[in-house]
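Peer 1: here is a sequence together with a model predicted from it:
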Amino acid sequence: MAEPDPSDPLETQAGKVQEAQDTDSDTEGGAAGGEAEMDFLRNFFSQTLGLGTQKERLLDDLTLEGVTRYMQSERCRRVICLVGAGISTSAGIPDFRSPSSGLYANLEKYRLPYPEAIFEIGYFKKHPEPFFALAKELYPGQFKPTVCHYFIRLLKEKGLLLRCYTQNIDTLERVAGLEPEDLVEAHGTFYTSHCINSGCRREYTLSWMKEKIFSEETPKCEKCQSVVKPDIVFFGENLPARFFSCMQSDFLKADLLIIMGTSLQVQPFASLISKAPLSTPRLLINKEKTGQTDPFLGMMMGLGGGMDFDSKKAYRDVAWLGDCDLGCLALAGLLGWKKELEDLVRKEHASIDAQSGSGSPNPSTSASPRKSPPPAQEEARTRDGEKPQ
């Protein structure tokens with residue numbers, strides 16, 4: 001009796017199982033049919049939940065040193081970075097949720113019905129003024145990339161970066177030297193803007209939007225006079241199509257995930273940690289451990305495969321806890337890249353200062369400078385009106 005081919009679609013496999021059961025009427029045939037049915041179920045769970053696939057341990061030690069040795073080996077050629085607000089706070093950009101300094105804690109003056117309304121598409125269409133008033137205070141272009149951003153650039157220059165998936169809307173990855181093809185800006189970007197009229201959708205540049213915002217006028221389309229909105233993802237909007245298309249192809253190729261400065265609370269971004277093969281090591285550089293959902297329930301609910309740093313079954317997840325810039329410097333030091341990274345930060349910041357005529361440093365980046373604080377990160381975006389975390 002032919003067994004179902006795991007490469008066949010599940011419907012085809014099910015058909016083969018049924019065909020086998022129909023033709024096996026005696027005891028031996030019934031047993032064979034039962035075995036085929038079990039094979040089908042094993043294939044189904046393997047394909048849908050990632051169960052039963054091989055969990056090869058690729059790290060000789062679940063430490064930053066172990067990750068370093070793996071990165072220096074021939075096995076590690078394609079790295080995906082998953083980043084959030086924590087990689088930009090040292091540039092002076094507030095995150096969303098910190099109790100006193102986070103963006104949501106400082107919106108009283110806009111008299112919103114609730115803090116998240118300033119990023120809700122329905123509210124924006126009726127009352128765009130609060131968003132653009134905030135955007136003037138926190139506009140991109142007033143700040144410099146951090147050590148983390150330049151570490152990601154080093155990964156690119158050394159041929160290791162497959163893709164950087166970012167939740168942030170500050171464009172700092174682009175400022176640091178990553179090209180559009182290197183990036184998946186999961187929650188959109190200020191880099192471009194579009195008319196919100198579905199029958200128009202004219203595109204506008206960053207410089208055009210900046211001129212409108214700083215002249216304290218609500219940006220209106222030059223063609224149809226509808227409001228023009230930066231291409232960031234508001235509550236109630238879908239994530240960019242590029243997020244889903246790249247996700248489908250990138251993660252099966254990943255040899256290492258580096259996760260930095262994110263709470264892994266916002267979906268569907270948080271589920272990306274489960275998309276890589278089960279043997280792929282995952283390094284978290286963050287102020288606290290995160291992503292530790294139950295593996296089975298997490299996959300069933302689409303919430304990610306769950307990080308496991310501490311159990312006896314832990315085999316691929318490593319947590320380095322602390323400031324993200326310091327974590328990148330520590331990893332760069334172990335890789336022998338520290339001087340190169342520090343020199344890159346100094347050179348790039350000097351170039352930015354020369355263009356802007358400023359030389360003030362980033363508040364907590366020893367190798368780097370900063371200007372006035374800019375826009376909050378997109379650590380709080382959800383899809384299709386999902387309630388904020």
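Peer 2: It's in.
Peer 1: which stretches of the chain have low pLDDT?
Peer 2: 1-54, 94-109, 140-142, 293-305, 357-389 (pLDDT under 70).
Peer 1: beyond the strand ranked longest in it, next helix or strand please.
Peer 2: If you go by DSSP state E, the chain has its longest strand at strand 188-195. Of the helices and strands lying after strand 188-195 in sequence (DSSP states H and E), the nearest is strand 203-205.
Peer 1: show me what that following strand is packed against.
Peer 2: strand 188-195 (3 or more CB pairs under 8 Å, 6 or more residues apart in numbering; DSSP states H and E). Just so you know, the C-beta spots here come from the backbone N, C-alpha and C atoms, and that holds for glycine as well.
Peer 1: with only the CA atoms kept, save the strand it packs on in PDB.
Peer 2: Only the C-alpha atoms of strand 188-195 are listed here, as PDB (Å, rounded to 0.1, in the frame of the first residue of the first chain):
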ATOM      1  CA  GLY A 188       5.200  51.200   8.000                       C
ATOM      2  CA  THR A 189       7.400  54.300   7.800                       C
ATOM      3  CA  PHE A 190       7.400  58.100   7.600                       C
ATOM      4  CA  TYR A 191       9.600  57.800   4.500                       C
ATOM      5  CA  THR A 192       6.600  58.100   2.200                       C
ATOM      6  CA  SER A 193       3.100  59.400   2.500                       C
ATOM      7  CA  HIS A 194      -0.100  58.900   0.500                       C
ATOM      8  CA  CYS A 195      -3.500  60.600   0.100                       C
END
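Peer 1: what residues sit buried inside that strand?
Peer 2: Buried residues in strand 188-195, counted by 16 or more other CB atoms under 10 Å: 188, 189, 190, 191, 193, 194, 195.
Peer 1: do stretch 164-180 as well
Peer 2: For stretch 164-180, by 16+ other CB under 10 Å, it's 164-178.
Peer 1: which one of those is nearest to residue 242?
Peer 2: For the buried residues of stretch 164-180, the closest approach to residue 242 (CB to CB) belongs to residue 165, at 10.2 Å.
Peer 1: and that closest one, what are its bridge partners?
Peer 2: Beta bridges link residue 165 to residue 82, residue 184, judged by DSSP bridges.
Peer 1: residue contacts, it?
Peer 2: 80, 81, 82, 83, 183, 184, 186, 243, 246, 269, 272 (CB atoms under 8 Å, 6 or more residues apart in numbering).
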